[in-house]
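1. please work out how this folds:
(chains A and B)
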Amino acid sequence: MSLLQEVAVGEPDPIRTPRVSGSTLRVVVSKVVRAIITLAFVVVFNFFLFRMLPGDPIGLYTRGRNQDAEQIAQLRRDLNKPLWEQFITYISNPFDPGIDSTRFSRPVWELIGERIWPTILLLGTAIVLASIIGIWLGIRAGWKPGGRFDKVSTGTTLTLYSMPEFWLGMMLLIVFGVGAFGIPGFFPVGGISTPGVDTSSPAGWLNVLWHLVLPCTTLLLIYLADYALVMRASLIDERKQEYLMLARAKGLRDAMVRKKHAVPNALLPTITLIFLSLGFVVTGAITVETVYSWPGLGLLTYEALRGPDIPLLQAVFLVFSIAVVGANLIAELLYIVIDPRVRQ
Amino acid sequence: MIRRMIAAVAAATVALAPAAAISPAQAADPVVFTVGMLNDIDSLNPFTGILAESYEMFQLQYATLLSSSATDFTPAPGLAESWEESADGSTWTYTLRPDLVWSDGTPLTANDVVYTFNRILDGRYEQRNYGSYVRNITSVEATDDRTVVMTVAAPSPIMERLAVYILPEHVWSGVDAKAVKSFANEPEAGQTLVGSGPFLVTERRSGQFIRMVANDTYFNGRPAVDELVFRVYNNPDALGQALIKGEVDFASGLTADVFSTLEGKEGITTYAGGYSGFNELAFNMGAALTDGTPIGDGNPHMQDQQVRLAISHAIDRQQLVDRILDGYGTPGSTVIPPVYPTLHVDPGTQSYDPALANQILDDAGYAMGPDGVRVGPDGEPMRYRLFVRSDSDTSVRSGEFFKNYMAAVGIEAEIKPVDENALFEIIGRGEFDMFEWGWVVEPDPDYQLSTFTCGKRSYEDGGEIYADLSDSFFCDEEYDRLYSAQAVETDQTARAALVQQMQTIIYDQVAYVVTYYYDNLEAFRSDRFTGFVGQPEGTGSLLFQYGTHSYEAVEPISADDGGTDPTSSPSPGATTAAEEPAETAQSSSSTGLIIGLIVAALVIIGLVVLLVRMRSKSAADTKE
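-> Here you go, the predicted model:
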């Protein structure tokens, strides 16, 4: 019994495993099943979505090629399989390594594999940093709402939040990339590494980190408000709760009341937010990727759309859906662990 | 192996050592010429890639039999040092230069040429990019190591324009007809690709850069720079900034606004070179299939030459150049741009003259209606759909200008913005009256001229109508006759006369209003590099040419020629002392890294201090 639960909850430490009843297991299973059903639906829907696009795929495929009408007509006859036959080919293995992009004539999964890591590196770092700093700011601001810290931090994060990503990115690029106002340009203008540097060496990692600073900072500054404001709002809510009065009445120091009683309860909405945003880590941040020429998945999607490169789009959408559905599932499962109310 | 290890150690030193320690190591550094561009390549496989950026890599990597001269695009020697058409026009004989070798030392012989051409002739996938070059070829044979004889079905001037990249048989024979479709042709583990051009691809990172090294065995001699790097920037502003910073030495394909901010910057020379592209306002001259069956729903007014002529007179081409292109272009006339001086012709009869336009319409029976819109002889108002490309800012803006120009002569244009893919199909089905788009014209005019032949109108296949090359549905017997004549005319002067006649027909019939020829906007660090060659010389683009002229000629500015003017334009920074700039860029990048790390460390220390202070402060709070 307990072994099963441990696997389902993903918490191997028996001491820390919350008391789990049979109903919890049912909740977990139903959530997993629901996620699988959603995914299955997405896989099927994905196929028909792109086939509903207006347009002549062969025309797009052959545009700009040195081919005459006769050769194109031949190609069209060759590739004109009935829809159900196409569907069976697709559904038998949506991850078939033989699916080639029409624009790049290379396996779509290979292309995605190349581009997914830069995106995860950029967005992952930005979201982790933004959530840590944002939560810290939110706690400070929310504990004494209306105080000086609150005014400054809320004002600043809101200002940053409302800045257009493109503009903020460009400003940081000009000031810290090229150099302005007497500040020398420390950081590179674009790319993920300097051409010719071996990125598998320690010097190469540093080089990548050095390229990461500006795009990551841009995203961090913009995402900050999300976490800070949600954390602040839920902490303000918690402050009104009676259990805090009890905690204070016990004679606990203010910092203890905040840390041990208010914050854990106020963290719940923020954790949901973090996991939901982690789902979008792979979708990339197309604006920042554009400003800093970061070779991520967002840009690949954009290039695929320009074609449109249907096999690539289809694969990219599949990856996005899996990431979002997966992150949602993790958030829901995590709730079972951190919020006892869900278990009942 | 040992060399690579040294390189790795050196790289580590550059990245980690303090700035002061770096300078001595610079002496042996290779000269790297870095080009920034706005698009990544789509493939390094010459049978797959179709983007201009990809073709640039192909021609650097693989030489062709013949090339195009920098002076005026005339056929020039490539791998072949001489070539000859037989008296009856049925065969062409190409003689290769003596002692050609591939970059790996294998001799490059006539057999490689035969292999490449046969591969295209026999392969369906391989024909995708080269179909039109080989259509006329019936056989390709090597009579000895240096002689290739091609037999053609009919005499053809294209035989002097075969832009087919000759591939090394000993490498490509390992890539069969099935594997070629997804063959990336990218270097593996530091190996360079075997080629015959001036530079060889040694590393490619998708979405980031392509790194090439100079080819020691190149037949025109090893280029002066050791490495050539193409970096991808995803927006023009960042590319401009990268040039200012010195991350790139050359910025290609700039937008007008970025270009003008770079003008006058120290050490940078901006260069607006003539380009082979034009934009046009096209008319639906009677959409039909190749057999003449009418299709679509074009307004019949558009078939009246007088209406099209009036619109042509109503359009202020100079204003479009000034306002849409910020002046970086020339007003348009015919469909072969002036960068091809031997072919271009400008009849010059359709000047901007709204009064004349009104006069023409009055005379043709299109009387002014009460609401300011003229009414045609058929009683229908002159109200037309004008499609513009929503994915192009210049197209959308041009549309607004066209609308105003036409309104001034009593024609109402209804602007319809759609994306290019959708427009392509709308045109193919003939469901438009006018649209705005453009073409880029190759040195050989055949392809461009073919788009106005009757045979290139839309066609039907399996009940569906598909677009071919014609988008104006122009169809003229005399024109088609001239087209067939130029296609077999191998005397360049005689052919040019035919080509000029054809341009004049299109111009007089007003199939297109060619609005402008746009410039290719380039900028480069004239304090570091010099020797660029324009094509055509003096006025044309410096890079992305037909041929690799600039790449072969470009050289770093050294102490003794510090004052040389790069190309025709004067450069304010050309006198900057030698070597120094490149060095500053290198060391400033590593200094930047070090400073960045220090800043990061400071931030972390600051955070820790802050946290500690907070803690003691909250402890103090509770004591109160």
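
2. ok, the single nearest residue of the stretch 151-300 of chain B relative to chain A to residue B:133 distance?
-> At 3.0 Å from chain A, residue B:207 is the closest residue in the stretch 151-300 of chain B, using CB to the nearest CB. (Glycine included, C-beta is placed from N, CA and C.) Distance, residue B:207 to residue B:133, by CB to CB, to the nearest Å: 31 Å.

3. can you pull out the strands in the stretch 451-600 of chain B?
-> For the stretch 451-600 of chain B, the strands defined by DSSP state E, counting those that start in this stretch cover B:459-461, B:464-466, B:512-525, B:529-530, B:555-556.

4. so for residue A:138, which of those sits nearest?
-> Residue A:138 lies closest to strand B:512-525 among the strands of the stretch 451-600 of chain B, at 46.3 Å (CB to CB).

5. how about the closest one: buried residues?
-> Within strand B:512-525, the residues that count as buried by 16 or more other CB atoms under 10 Å in any protein chain shown are B:512-525.

6. also stretch B:183-199?
-> Residues of stretch B:183-199 classed as buried by neighbour count (16+ other CB under 10 Å): B:183-187, B:192-199.

7. in CSV, could you pull the C-alpha coordinates for it?
-> Output of stretch B:183-199 as CSV, limited to C-alpha atoms (Å, rounded to 0.1, in the frame of the first residue of the first chain):
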residue,chain,number,x,y,z
PHE,B,183,21.4,15.1,-45.5
ALA,B,184,22.5,18.1,-43.5
ASN,B,185,26.0,18.4,-45.0
GLU,B,186,27.3,19.8,-41.8
PRO,B,187,30.9,19.3,-40.5
GLU,B,188,31.3,16.8,-37.7
ALA,B,189,33.8,17.1,-34.8
GLY,B,190,35.9,19.9,-36.1
GLN,B,191,36.4,18.4,-39.6
THR,B,192,36.0,20.9,-42.4
LEU,B,193,33.7,20.1,-45.3
VAL,B,194,35.6,19.1,-48.4
GLY,B,195,35.1,21.8,-51.0
SER,B,196,36.8,23.8,-53.8
GLY,B,197,35.7,27.4,-53.0
PRO,B,198,37.6,30.1,-51.2
PHE,B,199,36.3,29.1,-47.8
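
8. how far out from the middle of the chain is that stretch?
-> 22 Å (CA atoms, centre = their mean, to the nearest Å).

9. that older thread, nearest to residue B:223, of the buried residues of strand B:512-525?
-> Taking these together and measuring to residue B:223 by CB to CB, the closest member is residue B:524, at 16.0 Å.

10. residues contacting that closest one?
-> Applying CB atoms under 8 Å, 6 or more residues apart in numbering or on different chains, one finds that residue B:524 lies in contact with B:243, B:249-251, B:268-269, B:271, B:532, B:542, B:566.

11. could you tell me which of those residues belong to helices?
-> Per DSSP state H, helices hold the following members of these: residue B:243.

12. got a winner among the contacts of residue B:524 for most neighbours?
-> Of all the contacts of residue B:524, the highest neighbour tally under other CB atoms under 10 Å in any protein chain shown goes to residue B:251, namely 31 neighbours.

13. for residue B:231, see how far away it is.
-> As judged by CB to CB, residue B:251 and residue B:231 stand 10 Å apart.

14. try residue A:245
-> Distance from residue A:245 to residue B:231, by CB to CB: 62 Å.

15. coming back round to it: ok, which of the buried residues of stretch B:183-199 also contact chain A?
-> For chain A, the contacts drawn from these by CB under 8 Å from any CB of the partner chain are residue B:184.

16. can you tell me which two in the buried residues of stretch B:183-199 are farthest apart?
-> Spanning the widest gap among these are B:183 and B:198, at 23.3 Å by CB to CB.

17. from one end of stretch A:173-193 to the other, what's the distance?
-> Distance between the two ends of stretch A:173-193: 16 Å, counting by CA to CA, to the nearest Å.

18. do stretch B:375-391 as well
-> Note: stretch B:375-391 ends 33 Å apart using CA to CA.

19. quick one: mean pLDDT for the longest helix along chain A?
-> If you go by DSSP H, chain A has its longest helix at helix A:202-239. Throughout helix A:202-239, pLDDT has a mean value of 85.

20. and if you look at stretch A:106-115?
-> 86.

21. ditto for stretch B:185-197
-> What stretch B:185-197 shows for mean pLDDT is 88.

22. what's the answer for stretch A:292-305, then?
-> Rounded mean pLDDT across stretch A:292-305 is 84.

23. tell me if that stretch is near chain B.
-> Yes - Stretch A:292-305 is in contact with chain B by CB under 8 Å from any CB, via A:292-296, A:299-300, A:303.

24. so which bits of that stretch are buried?
-> Using 16+ other CB under 10 Å as the test for burial, stretch A:292-305 gives A:292-301, A:303-304.

25. a markdown table for these, including secondary structure?
-> Formatted as a markdown table, the buried residues of stretch A:292-305 follow (DSSP: H, G, I helix; E, B strand; the rest coil):
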| residue | secondary structure |
| --- | --- |
| A:292 | coil |
| A:293 | coil |
| A:294 | coil |
| A:295 | coil |
| A:296 | coil |
| A:297 | helix |
| A:298 | helix |
| A:299 | helix |
| A:300 | helix |
| A:301 | helix |
| A:303 | helix |
| A:304 | helix |
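
26. ok, those residues vs residue B:553, which is closest?
-> Among the buried residues of stretch A:292-305, residue A:293 lies closest to residue B:553 (CB to CB), at 28.3 Å.

27. once you drop chain neighbours, what's closest to that closest one?
-> Nearest in space to residue A:293, with sequence neighbours left out and distances taken as CB to CB, 6 or more residues apart in numbering or on different chains, is residue A:190 at 3.4 Å.

28. beta-bridge partners for residue B:535, please?
-> Beta-bridge partners of residue B:535, counted by DSSP bridges, are residue B:541.

29. now for it: which residues touch it?
-> By CB under 8 Å, 6+ apart, the contact list for residue B:535 reads B:68, B:70, B:73, B:541, B:545-547, B:549.

30. quick one, strands of chain A?
-> All strands of chain A, identified by DSSP state E, fall at A:179-180, A:183-184.

31. now do the stretch 201-350 of chain B
-> Taking DSSP E, counting those that start in this stretch as the test, the strands found in the stretch 201-350 of chain B are B:209-214, B:227-232, B:250-251, B:268-283, B:329-331.

32. pick the most buried one from those.
-> Greatest average neighbour count among these goes to strand B:250-251 (a mean of 27), per mean count of other CB atoms under 10 Å in any protein chain shown.

33. just to revisit the earlier point, go ahead and confirm the residue of the stretch 151-300 of chain B closest to chain A touches residue B:232.
-> Yes - Residue B:207 is within contact range of residue B:232, at 6.2 Å (criterion: CB atoms under 8 Å).

34. now do the shared contacts for the two.
-> Contact criterion CB under 8 Å, 6+ apart; residues shared by residue B:207 and residue B:232: A:295, B:40.

35. quick one: contacts for residue 117?
-> Looking at chain A here, since you left the chain open. By CB under 8 Å, 6+ apart, no residues touch residue A:117.

36. can you look at chain B instead?
-> Applying CB under 8 Å, 6+ apart to residue B:117 gives the contacts B:134, B:137, B:140, B:150, B:164.

37. what do you get for residue B:375?
-> The contact partners of residue B:375, taken as CB under 8 Å, 6+ apart, are B:366-369, B:381-382.

38. as a markdown table, those with pLDDT, neighbour count and secondary structure would be great.
-> As requested, the contacts of residue B:375 are exported to a markdown table (pLDDT from 0 to 100; neighbours: other CB atoms under 10 Å in any protein chain shown; DSSP: H, G, I helix; E, B strand; the rest coil):
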| residue | pLDDT | neighbour count | secondary structure |
| --- | --- | --- | --- |
| B:366 | 92 | 27 | coil |
| B:367 | 91 | 12 | strand |
| B:368 | 90 | 15 | strand |
| B:369 | 87 | 14 | coil |
| B:381 | 92 | 17 | strand |
| B:382 | 92 | 23 | coil |
